[in-house]
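Participant: sequence and predicted structure below; questions after.
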Amino acid sequence: MENFIIYNPTKLHFGDEVVENLGKETKSYGKKTLLLYGKGSVVRNGYYQQVVDQLNKSEIEIIEYAGIKSNPLISDVEAAAELGRKHQVDSIVALGGGSVIDSAKIVALCIPEALNAWAVMKYRVKTKEATPILAVLTLAATGTEMNGAAVVQNPETKEKIGHWNPLSYPKHSFLDPSFTATVPEDYTAYGVVDLIAHAFESYFGKGDSPLSDRFVVAVVEDAMEFGPKLLENLTDYDYRANIMLDATCALNGILSYGKAGGDWGVHSIGHTLSVLFDTPHGASLSIAYPAWMKLQKKNNPERLEKLAKQLFGSEDVDLLIQGMEEFFVKMKSPIRLNEIGIGDDKCEEFVELMIKNNVSGYNYQLSKENLREIVDFMK
């Protein structure tokens with residue numbers, strides 16, 4: 001078992017109508033906030049107005065930045081940080097899913113000292129403080145509501161990368177399952193895929209921690225039980241609540257106790273798909289994970305055999321891979337590149353960008369030949 005430190009300063013508010021506490025908690029940081037949100041769904045679905053009403057009740061001045069896209073852009077982060085500096089905001093309220101909250105984390109690091117956002121992402125500058133973040137989650141998927149990680153892409157450099165910083169944890173996160181009830185079927189499914197992928201990344205991290213392995217299996221089994229039920233009834237509060245809690249637990253640290261932080265090779269592959277073809281994150285992972293498992297079956301089968309036994313009752317790795325592919329298909333998430341319009345003519349570009357960006361895992365290293373094999377498995 002690896003040495004580890006437990007640290008999670010986020011205060012999580014979970015359940016029906018918890019957003020009613022947003023104004024009071026925001027006001028504790030000052031009277032002016034930067035409200036960050038996406039491209040309009042939160043407005044159409046009424047969540048924006050609920051948040052604004054709570055902030056208005058507490059007499060908080062609101063500065064708005066809208067338009068954060070799925071697969072968030074560094075240009076939006078820069079613009080939002082500049083707006084926050086200009087108006088000298090005391091806090092950031094991030095209303096949305098992982099893209100919005102991830103963006104808010106880098107904005108928060110850039111505001112106090114006018115730092116360059118991409119330099120922050122690449123660890124080229126030292127961050128000393130951050131503007132407090134209050135997150136209101138509208139998509140159960142990434143777990144960003146209770147961790148210090150953020151992922152942002154730069155189309156100019158063709159990179160989609162992660163940044164972890166202890167200053168980036170939201171001070172408060174508000175998780176009302178009803179705020180996810182309007183997420184459409186495809187992105188609901190992608191969220192379930194994403195949380196399972198996060199659990200797997202911990203499982204395949206360096207270190208032997210049987211308790212953490214059991215936590216991983218419990219989260220995955222829960223998601224595999226409630227995910228299909230949720231697709232059949234997208235507005236069911238209890239199904240939404242279960243998936244929301246699964247997603248938070250998948251990446252708030254508890255699955256990595258005694259591990260060295262996870263592998264993350266599959267996520268690196270998925271990020272390359274997203275930055276090249278704007279593939280939804282969850283869709284990239286349902287394609288990449290079975291392919292990665294097929295490679296590791298040949299090179300490093302031991303952990304796969306253990307996971308197969310824990311999830312499907314047999315050490316047969318083929319059964320594990322088949323079972324996960326069948327589940328992803330059941331969730332209507334793609335498992336092959338051709339399902340998202342990527343043919344053989346685009347595969348070499350995909351491989352070359354992975355090589356250029358040094359795509360690999362922290363535990364299972366991926367050679368250039370490995371990356372080509374994985375892409376072949378993805379076809």
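Facilitator: Okay, I see it. Residues are numbered from 1 along each chain as shown.
Participant: SS state for the residue lying farthest from the centre of the chain?
Facilitator: What lies farthest from the middle of the chain is Glu59; by Cα atoms, centre = their mean that is 32.3 Å. The local conformation at Glu59, judged by DSSP: H, G, I helix; E, B strand; the rest coil, is coil.
Participant: for the one 3 residues further on, same thing?
Facilitator: When the structure is reduced to helix, strand and coil (three-state DSSP), Ile62 reads as strand.
Participant: tell me the confidence at it?
Facilitator: Looking at Ile62, its pLDDT is 98.
Participant: so who does the closest residue to it other than its chain neighbours touch?
Facilitator: Distances taken as Cβ to Cβ, 6 or more residues apart in numbering place Leu35 nearest to Ile62, at 5.1 Å, with adjacent residues excluded. Backbone N, C-alpha and C define where each C-beta goes, glycine included. Residues in contact with Leu35, defined by Cβ atoms under 8 Å, 6 or more residues apart in numbering, are 51-52, 55, 62-65, 92-93, 95.
Participant: please, which helix or strand holds Ile161?
Facilitator: Counting by DSSP states H and E, the element that carries Ile161 is strand 159-164.
Participant: would you mark the buried spots in that strand?
Facilitator: By neighbour count on 16 or more other Cβ atoms under 10 Å, the buried set for strand 159-164 is 159-161, 163.
Participant: for Asn8, which non-adjacent residue is closest in space?
Facilitator: Gly253 (5.6 Å).
Participant: over to Ser58?
Facilitator: Gly23 (3.3 Å).
Participant: can you tell me the helix or strand for the residue nearest to Pro184 when sequence neighbours are not counted?
Facilitator: In space, and not counting its chain neighbours, Pro184 is closest to Leu234: 7.8 Å by Cβ to Cβ, 6+ apart. Using DSSP H and E, Leu234 sits in no helix or strand.
Participant: looking at it, Leu234 is touching Thr188, isn't it?
Facilitator: Yes: counting by Cβ atoms under 8 Å, Leu234 does reach Thr188; the two are 6.3 Å apart.
Participant: of those two, who's got more company?
Facilitator: Set side by side, Leu234 and Thr188 show more neighbours around Thr188, with 25 against 15, by other Cβ atoms under 10 Å.
Participant: most neighbours out of the contacts of Leu35, which is it?
Facilitator: The most neighbours of any of those, using other Cβ under 10 Å, belong to Ile92, which has 31 neighbours.
Participant: that one touches Thr131, doesn't it?
Facilitator: Yes: here Ile92 reaches Thr131: they are 5.5 Å apart, a contact under Cβ under 8 Å.
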